[in-house]
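In: here are the coordinates; sequence isn't available:
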């Protein structure tokens, strides 16, 4: 089965299989990243980092449900984690600016 071969190849770190999966999922997963990003560069970073996680975890894919759905879940979770981290940084910098304005 082609899907199983693709997943196993990616799990073994075979670059040709990884490239095939990356290209096959690029447009769908990039669309997911754009929904969570405020800038195109941020969406590209989310995609790259998300796919690193996909390749790290692909050996755990158990063929229950679609591979695309499994990858999408990783990408969405990564994007949400990224948003939460940046939201806290943004809130902190806003608070610091407010504190500086009060001090003046």
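Out: That came through fine. It should be emphasised that the depicted structure is a prediction, and the values quoted were computed from it without experimental measurement.

In: how about low-confidence regions in this structure?
Out: With pLDDT under 70 as the threshold, the chain has low-confidence stretches at 88-104.

In: next, residue 64: secondary structure please.
Out: Each residue gets one of three states, and residue 64 gets coil by DSSP: H, G, I helix; E, B strand; the rest coil.

In: and for residue 87, the neighbour number?
Out: Applying other Cβ atoms under 10 Å, we find 10 other residues in the vicinity of residue 87. (Glycine included, C-beta is placed from N, CA and C.)

In: what segments of the chain are strands?
Out: In the chain, no segments count as strands under DSSP state E.

In: distance check, residue 66 against residue 18.
Out: 19 Å (Cβ to Cβ, to the nearest Å).

In: between the two, which has more neighbouring residues?
Out: Counted by other Cβ under 10 Å, residue 66 and residue 18 do not tie: residue 18 has more neighbours, with 19 against 10.

In: does that one touch residue 10 like I think?
Out: Yes. With contact defined as Cβ atoms under 8 Å, residue 18 counts as touching residue 10 (5.2 Å).

In: overlap in contacts of those two?
Out: Common contacts of residue 18 and residue 10 (Cβ atoms under 8 Å, 6 or more residues apart in numbering): residue 55.

In: residue 58: what's it in contact with?
Out: By Cβ under 8 Å, 6+ apart, the neighbours of residue 58 are 7, 10, 11.

In: closest one to residue 87 out of those residues, please.
Out: The closest of the contacts of residue 58 to residue 87 turns out to be residue 10 (Cβ to Cβ; 31.9 Å).
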